[in-house]
Structure formats: C-alpha cells, structure tokens
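Chemist: the following comprises the amino acid sequence and a computationally predicted model.
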Amino acid sequence: MDIGKNIRRFRELKGLSLTQLSNLTGFSISFLSQIERSVANPSINSLKKISDALDTQLASLFTENDSNSNGEKDFIVRANERKKLYNPGSKAEMYLLSPSLDNEIELIMIVAQPGGKSGDEYYSHHGEEIGIVIQGSLQVDLDGQIYTLKQGDSMQFNSNTPHKWMNTGSHISR
C-alpha cells in the first residue's frame, strides 16, 4: 500500500494539478509533492483534508487498488482480512471493517494505546460519526466541549462538528 501513490491517482483522476490541490487544501505544493512521493508522513488530519479536496473517502487513500467483488467479499470482512490504516506516530491502530468504500458508511475500528489520539488539530467532514467504547476509555472533544466515554458508552454526532479524540487513560482503548 502506498498512500502517496493513491493520492496522486485520485488527484489525476480528478484532473487536478498539485497547484490546484494546494489551493483546495491550504498545503504547500512542496508538501503535497513529498506526500505523493512518500517522502513525508502526513497526519490523519492532513490526509482527511486531502481526501475531502479529492472528494473521496479517507480510507480509500489507505487501500490497495483492487477489486473486491466476488461473492461474500461484497458484504463480509473476515477478521484476518481487515485492512490496516496507517497513522504514523499516533499510538493508534485503525482497521477498515467495511467491505466497500463505495457506500455511505465507512466503519473503522480504533485501538488506541495510552496517549493515542486522532491528532492535535480538529477535523470535520461530511457525514455522521458513531462509536462505542468496548474497552478502556476515550476522551472526545467536540468543538471544545470535552466528553469522556467509558467502557460500554456510545456516541453519535454530526461529522461537520470540529472534533478530535484521545485515549487519556492508562489502558488500551477499543
């Protein structure tokens, strides 16, 4: 999997130059070029801005360009076949649980080590978010309003609300 190669592919499919993508994201042409050449490791928040500008789902930047249309693979993701989404330095692992990136809903499992977080900056995007804490606790910051969710708690909010999350506990959160 090459995130940079995927970004370039989506950018070219949209017919955008690096300059146009720079204008849409606010990132420098140099930074975008480094990402596309896999020289820079962008944060999830940066990748989210890029995916929004490219009008594609964030998870599509992390996946191989393969066809997933034979039988059960259209609606089932086996536990041992989950695609891992990489977020360098975040202390969190993210796994794609949805079989397809062509639908409105994209389901992701997050396993956050103590101190693991979505990033330092807020992010927002089209859609809704829903989550349940299966183990540990998670601090969710919705535009400055902080909520602590513990094991068994769930949440739902409009993704247009600037948000970020962090495992402030001393155990792994799932």
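Modeler: Here it is on my side, so go on. Residues are numbered from 1 along each chain as shown.
Chemist: tell me, what residue is most central in this structure?
Modeler: Nearest to the geometric centre of the chain sits L58, at 5.0 Å (C-alpha atoms, centre = their mean).
Chemist: partners of the helix or strand of the chain with the lowest mean pLDDT in the sheet?
Modeler: Least confident helix or strand, the chain: strand 83-85 with a mean of 75, by mean pLDDT, DSSP states H and E. Neighbouring strands of strand 83-85 in its sheet, by DSSP bridges, are strand 92-96 (antiparallel).
Chemist: what does the partner strand rub up against?
Modeler: 59, 62-63, 77, 82-85, 87, 106-113, 116-118, 167 (C-beta atoms under 8 Å, 6 or more residues apart in numbering). For glycine as for every other residue, the C-beta is placed from the backbone atoms N, C-alpha and C.
Chemist: give the buried residues for the strand or helix carrying I146.
Modeler: Per DSSP states H and E: I146 is located in strand 145-150. By neighbour count with 16 or more other C-beta atoms under 10 Å, strand 145-150 contains the buried residues L149.
Chemist: who touches that strand?
Modeler: With C-beta under 8 Å, 6+ apart, strand 145-150 has contacts from G131, V133, S137, L138, Q139, V140, D141, M155, T168.
Chemist: roughly how far is that strand from the heart of the chain?
Modeler: Distance, stretch centre to chain centre, for strand 145-150: 20 Å (C-alpha atoms, centre = their mean, to the nearest Å).
Chemist: ok, back up a step: let's see if you can find the most crowded of the contacts of strand 145-150.
Modeler: L138 (26 neighbours; other C-beta atoms under 10 Å).
Chemist: just confirm V111 is within a strand.
Modeler: Yes - according to DSSP: H, G, I helix; E, B strand; the rest coil, V111 belongs to a strand.
Chemist: low-confidence regions, the chain specifically.
Modeler: Within the chain, the stretches with pLDDT under 70 are 1, 64-71, 86-89, 100-104.
Chemist: thinking again about what came up before, what residues of the least confident helix or strand of the chain count as buried?
Modeler: K83, L85.
Chemist: cool, and stretch 91-100?
Modeler: For stretch 91-100, by 16+ other C-beta under 10 Å, it's A92, E93, M94, Y95, L96, S98, P99.
Chemist: and F157, what element?
Modeler: Going by DSSP H and E, F157 is part of strand 154-158.
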